[in-house]
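Trainee: What follows is a predicted protein model with its sequence.
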Amino acid sequence: MTGETFLHDSAIVGIIILSVSMVLPAIRLFKGPSLPDRVVALDQITFGFVAIMLTDALLMRHEVLLDVVLIISFILALGTMIISVFLHKHLKRNQRGGE
Amino acid sequence: MGYLIGIIIISASLLVFIAGIGILRFGDLYARMHAVTKVSSLGMVLLLLAVNLYFLNWGIFIKTVIIFLTVVFMAPVAAHLLAKVWRNGNDNGQGDK
Amino acid sequence: MKPLYFIVFWFYYLYELLKSGVSLAFTIVVRSRRIWDGEITYHTTLTKPIQVVLLFNLVSMTPGTLSIDIDEDNNMLIHVVDLAQLSDAIASIKRIEGFIAKMV
C-alpha cells in the first residue's frame, strides 16, 4: 500500500465517520430542552458539514470548495450571533409580559 | 507524506465525532458549548493543516489562514454572546422581580 | 507591538489549542457524566481595551475554560468545566496574560 492509496482510503473513512457524527447532534437538536441547546447542536452539525467539505476538497482536488468553506464559516458565526440577539429580545419581552 | 495526511484526517474526524458525543452526553448548556468551541475547532484546524500539506500552494495557504482566523476568533465570540444572553435572561426572569 | 512576541505567541497559542482539545476530548470519552463544573470570577490587571478584548477571546481556548461575561472593572466571569483542574487553568490564563502584556 503506497501513500496515495492510504490517503485515498483514509479520506473515505474520514467522510464516513463525519457522516455518522452528524447524527448525534441531530438527536440533541430534536430533544433539546431549550433554544440555546438547539442552536449549539446546529453549530455542531454545520461544523461536521464543513469538515466533510474540506475532506472532499482534498479527496477530489476541488480547490473551489475552500471558498465555500470560508463563506460558510462566516455565516455560521454570524448566524449564532443573530440568533442570540433574537433570543435577547425574546427573553426581555417575555419578562416584561410576565409581570 | 500520504501516511501523515491520512492519519491527520482520521484523527480530525474522530475529534469531530467526539464533539458530537459530548453534545449528546453533557447535561449542561455551558459544558456543551465547551465541546463545540474547543474540540470542533481543533478538528477544523487539523483538517486545514492536512489541506495545506496536500496542496502546498501559497494561494491556498492564505485562504486557509483566513478560515483559521475566522474559526478561532468568531466561534468564541458567538459562544460567549449566546451564554451571556441566556444567563442574563434567566437571572432576570427568576431573580428579584 | 512587538513582532517577535507576536510570532512566538501564535505558536504558543496553537500548542494551547491542541492541549485543550485533547484534554476535553479525553474528558468527554472517559467521564462526561460526572464532571464537576462551576463559575469563577477572575480579575485582570491589564489596562488597555485591546489587551482586555484579546485576553477575553483567548480565554475561551485555554483548557477547560469559557468566558461568559465581563463588567467595567475588568472582572471576568469564567465557566470552568472541571473544577479539579482549576489551578492548572488559572496558571494557563496567567501565562497568556503575561504574553499579552508583553506583546501589545
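Mentor: Perfect, I can see it now. Numbering: from 1, shown residues only, chains lettered A, B, ... in the order given.

Trainee: near chain C at all, the helix or strand hosting residue A:56?
Mentor: Mapping residue A:56 onto the secondary structure by DSSP states H and E places it in helix A:35-59. No. If you take Cβ under 8 Å from any Cβ of the partner chain as the test, helix A:35-59 misses chain C, and the best it gets is 11.9 Å. Heads up, the C-betas are built off the backbone N, CA and C, glycines and all.

Trainee: Would you mind listing the buried residues in that helix?
Mentor: When burial is assessed from 16 or more other Cβ atoms under 10 Å in any protein chain shown, helix A:35-59 yields the following buried residues: A:35-48, A:50-55, A:57-59.

Trainee: do stretch A:58-73 as well
Mentor: Residues of stretch A:58-73 classed as buried by neighbour count (16+ other Cβ under 10 Å): A:58-59, A:65-66, A:69-70, A:72-73.

Trainee: out of the residues you listed, which are inside strands?
Mentor: Secondary structure assignment by DSSP state E places none of these in strands.

Trainee: Relative to its centre, which residue of chain C is most distant?
Mentor: Of all residues in chain C, residue C:33 sits farthest from the chain's C-alpha centroid, using Cα atoms, centre = their mean; the distance is 23.7 Å.

Trainee: for it, what are its contacts?
Mentor: Counting by Cβ atoms under 8 Å, 6 or more residues apart in numbering or on different chains, residue C:33 makes contact with B:25, B:27.

Trainee: confidence score at the closest residue in space to residue C:22 that isn't next to it in sequence?
Mentor: In space, residue C:22 comes closest to residue B:42 once its chain neighbours are excluded; the distance is 7.6 Å by Cβ to Cβ, 6 or more residues apart in numbering or on different chains. The per-residue pLDDT reported for residue B:42 equals 90.

Trainee: Run a quick neighbour tally on residue B:42.
Mentor: As a burial measure, the neighbour count of residue B:42 was computed by other Cβ atoms under 10 Å in any protein chain shown and equals 25.

Trainee: which secondary structure element contains it?
Mentor: For residue B:42, the host element (DSSP H and E) is helix B:41-55.

Trainee: Figure out how far the next helix or strand after that helix is from the centre of its chain.
Mentor: Where DSSP H and E defines the elements, the next helix or strand beyond helix B:41-55 is helix B:58-94. Its chain's average C-alpha position is 9 Å from that of helix B:58-94, according to Cα atoms, centre = their mean, to the nearest Å.

Trainee: Could you report the neighbour count for residue C:59?
Mentor: For residue C:59, the number of neighbouring residues by other Cβ under 10 Å comes to 24.

Trainee: That should have said residue B:77, apologies.
Mentor: With neighbours defined by other Cβ under 10 Å, the count for residue B:77 comes to 17.

Trainee: contacting residues around it?
Mentor: Contacts were defined as Cβ under 8 Å, 6+ apart; by that measure residue B:77 touches A:77, A:81, C:57.

Trainee: try 10 Å
Mentor: Contact criterion Cβ atoms under 10 Å, 6 or more residues apart in numbering or on different chains gives A:77, A:80-81, C:53, C:56-57, C:60, C:67 as the residues in contact with residue B:77.

Trainee: Next one, pLDDT for it please.
Mentor: According to the model, residue B:77 carries a pLDDT of 87.

Trainee: Now do the helix holding residue A:56: which elements does it pack against?
Mentor: Under the contact definition 3 or more Cβ pairs under 10 Å, 6 or more residues apart in numbering or on different chains; DSSP states H and E, helix A:35-59 sits against helix A:3-21, helix A:23-31, helix A:65-98, helix B:2-25, helix B:29-34, helix B:41-55, helix B:58-94.
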